[in-house]
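**Student:** what would the 3D arrangement of this be:
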Amino acid sequence: MGRVVLIGCGFVADLYMRSFRLMPGITVQGAFDRDPVRLAAFCAHWGIAALPDLAAALAAAGPGGVVANLTNPDSHVAVTGAALAAGCHVWSEKPMTLTLADACALHRQAAAAGLILASAPASVLGAAAQTLARAVRQGVCGTPRLIYAELDDGFVPQAPFRQWTSESGAPWPAADEFRTGCTLEHAGYYLSWLIAMFGPVRTVVAASACTIPDKPDAPGPTPDVSVATLFFHAGPVARLTCSIVAPHDHRIRVVGDTGVVEVARAWDNAAPVRFRRRFALRRRLLESPLARRIRLPGGSHPMVPRTGAAAMNFALGPAEVLDAAREGRACRLGGAYALHLTEVTLAIQAAGEATGAQAMTTTCTMMEPMPWAR
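**Tutor:** Sure thing, here's the model as predicted:
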């Protein structure tokens, strides 16, 4: 049996508990949250032990157990460091840290102790991501040349987000989401898929911006849109967008020599993977409107029904940590992988107008409209 303790009982913790219920061999020893009211409501809802403090939580996990760090991003470093010091493996919600220096320090601490430090998201271990990666490995679309990945969530500041609550009653953490930014919160969903398919990123060329400085609950300059071009050591180039402004679009499309392999929903482990072959019709070059469904030859992991915007098994990450520790192998989402994922994400987040941009030396006036368009 694998032991897991949850630190942080906010919105995402319910998604983890719903997933753990489907995973055999994992025992949730209990949970801790610094808000006693939230802790009591969460533990009563799920029927697990409410642990009185961080020390008790780390003791419940025990050496070799897994601490799932589900706290807000500002608390990640302190909680993860304490868990590693107590001899626990750590599964950290994203972003693992808010600076590369902190990520490197925790990486060194885990390595020195022989422990696993792994980072969310775990959707890369899900059926959709694994099916897409297998199709790419098998050359379904020929040699991959370009990947377009979109993580645009709509105009979220105008959404009724104050009505969004988790199963045990936790509110959606708007202040944390807006203050941390959509890139640090969401870029990892497709970055992890891309790294799984093509290996490490060689160069990041990116730009990020705050287009809505007066977001409710957390006004300020945190970027709410980013666009990155990623150059991989293995050759392909990817464009990744993240925003809480642009219309909702969660597609990923791998463009190869013979066509396009695509997935339409990033947050659905069961999203279909489809291939559209390229062909010439008279003087036009087209991708087929009739897509071929790509399927895995066997089964996969337990599927979680849709809850809100997601249909993801959040327990796949902690389960991978437990399996890797038991089998004495490298964790798919730990070690150098987690550090690289963090570095790439932070590079995109930090690529604002004042960093690495080229100021223009020429100017012009705004174009006058045509008389009939005034």
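
**Student:** can you give the distance of stretch 282-298 from its chain's centre?
**Tutor:** Mean-position distance between stretch 282-298 and its chain equals 28 Å (C-alpha atoms, centre = their mean, to the nearest Å).

**Student:** residues near the closest residue to residue 244 other than its chain neighbours, how many?
**Tutor:** Leaving aside its chain neighbours, residue 244 sits nearest to residue 156 (3.9 Å; criterion: C-beta to C-beta, 6 or more residues apart in numbering). No exception for glycine: its C-beta is placed from N, CA and C like everyone else's. Residue 156: 19 surrounding residues under other C-beta atoms under 10 Å.

**Student:** check contacts around residue 156.
**Tutor:** Residue 156 makes contact with 177, 182, 244, 245, according to C-beta atoms under 8 Å, 6 or more residues apart in numbering.

**Student:** which pLDDT value goes with it?
**Tutor:** On pLDDT, residue 156 comes in at 97.

**Student:** separation between it and residue 64?
**Tutor:** Residue 156 sits 40 Å away from residue 64, going by C-beta to C-beta, to the nearest Å.

**Student:** next, give phi and psi for the residue nearest to residue 244.
**Tutor:** As for residue 156, its main-chain torsions (degrees, to the nearest 10) stand at phi -60, psi -40.

**Student:** follow-up on the earlier one: select from the contacts of residue 156 the one having the most neighbours.
**Tutor:** residue 244 (26 neighbours).

**Student:** measure that residue to residue 157 for me?
**Tutor:** 7 Å.

**Student:** pull up the overlap in contacts between the two.
**Tutor:** Contact with both residue 244 and residue 157 is made by residues residue 178, according to C-beta under 8 Å, 6+ apart.

**Student:** how about the strands in this protein?
**Tutor:** When assigned using DSSP state E, the strands of the chain occupy the ranges 2-7, 26-32, 66-69, 89-92, 117-119, 144-152, 201-209, 225-232, 237-243, 252-256, 259-263, 273-281, 284-287, 292-294.

**Student:** for the record, mean pLDDT for the fifth one?
**Tutor:** Within the predicted structure, the mean pLDDT of strand 117-119 is 97.

**Student:** try the first one
**Tutor:** Taken as a whole, strand 2-7 carries a mean pLDDT of 96.

**Student:** taking strand 26-32 as reference, get the angle to it.
**Tutor:** Orientation check (axes from the mean of the first three to the mean of the last three C-alpha atoms, to 10 degrees): strand 2-7 against strand 26-32 gives 20 degrees.

**Student:** strand partners (parallel or antiparallel) of strand 2-7?
**Tutor:** In the sheet, strand 2-7 lines up against strand 26-32 (parallel), strand 66-69 (parallel) (DSSP bridges).

**Student:** list the buried residues in the first one.
**Tutor:** What it means is strand 26-32. 26, 28, 29, 30, 31, 32 (16 or more other C-beta atoms under 10 Å).
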